[in-house]
Every structure is written in C-alpha cells, then in structure tokens.
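Participant: prediction below, plus the sequence it came from.
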Amino acid sequence: FNRYDVSSASYTQSFSVAGQETTPQGVAFNTDGTKMYIQGSTSDQIYQYSLSTGFDVSTASSDGVTFAVTQGLAIESLTFSADGTKMYVIDNNLDTIYQYSTGL
C-alpha cells in the first residue's frame, strides 16, 4: 500500500451535491474527515456537510451551513490551514488568493 499513489487508486463511492450546487469546483475536509466543504461556481457559495464516518462521502449530510464568497469573479477552489483557523479560496479570473478567518 502506497499512500498518495494515484496510479493504484480505485473508485469506492460517491455523494451528489447537485441539490445545492450544480457546478462544484472544489472540496476540502477537516483533519478527521467529519466535515466536508464544497465550493461551487454557480452560486459562489461554500457548503458545509457532516460525515458520520470520517472521509466516507457516502455518509455525508448537509449541515445547512453556507458561506457566500463575495470577493472575486470566478472562485475555483478552496482549502484550509492545518489548524482550521484560516480558509483560502482561489479566483481564476483575477489570479488572486483570498484568505478568511474562520473565527476559531
């Protein structure tokens, strides 16, 4: 078993976010995989989900929590700092990275 080796990857499961976002652009997880964040370009929103089993997307359910990204024109991706206190989104049109404090 070789971690991070995409050459040995195999499909295991899926979770549709189409009910909230029809053009998802990015996904991020908290450190234990019990929270998943989807960023979409249709609504420029970030959606939060809970996973009852860490990193198992088939156990995801919407928390009803969203964050509207009001900076930028074409938000393409998101990630978090290792401690979860900062969130970063990338704007493809303006070649800009925006940093947000998560309030933790």
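Facilitator: Nice, I can see it. Quick caveat: nothing in here was measured; it's all calculated off a predicted structure.

Participant: only C-alpha atoms for contact and neighbour calcs from this point on.
Facilitator: Noted.

Participant: below-threshold pLDDT in this protein: ranges please.
Facilitator: 1, 104 (pLDDT under 70).

Participant: quick check: longest strand of it.
Facilitator: strand 60-68 (DSSP state E).

Participant: dig out what the spatially most central residue of the chain forms beta bridges with.
Facilitator: The residue lying closest to the centre of the chain (CA atoms, centre = their mean) is residue 27, at 2.7 Å. When bridges are called by DSSP bridges, residue 27 pairs up with residue 38.

Participant: follow-up on the earlier one: in the longest strand of the chain, what counts as buried?
Facilitator: 60, 61, 62 (16 or more other CA atoms under 10 Å).

Participant: check which helices and strands that strand is in contact with.
Facilitator: strand 45-51 (3 or more CA pairs under 8 Å, 6 or more residues apart in numbering; DSSP states H and E).

Participant: with only the CA atoms kept, save the strand it packs on in PDB.
Facilitator: Once non-C-alpha atoms are left out, strand 45-51 reads as follows in PDB (Å, rounded to 0.1, in the frame of the first residue of the first chain):
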ATOM      1  CA  GLN A  45     -21.100  29.600  -2.000                       C
ATOM      2  CA  ILE A  46     -19.200  27.200   0.200                       C
ATOM      3  CA  TYR A  47     -21.400  24.400   1.600                       C
ATOM      4  CA  GLN A  48     -20.700  22.500   4.800                       C
ATOM      5  CA  TYR A  49     -21.500  18.800   5.300                       C
ATOM      6  CA  SER A  50     -21.100  16.400   8.200                       C
ATOM      7  CA  LEU A  51     -19.800  12.900   7.600                       C
END
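
Participant: what's it in contact with?
Facilitator: 33-40, 57, 59-69 (CA atoms under 8 Å, 6 or more residues apart in numbering).

Participant: show me what it pairs with in its sheet, parallel or antiparallel.
Facilitator: Assessed with DSSP bridges, strand 45-51 is paired to strand 35-40 (antiparallel), strand 60-68 (antiparallel).
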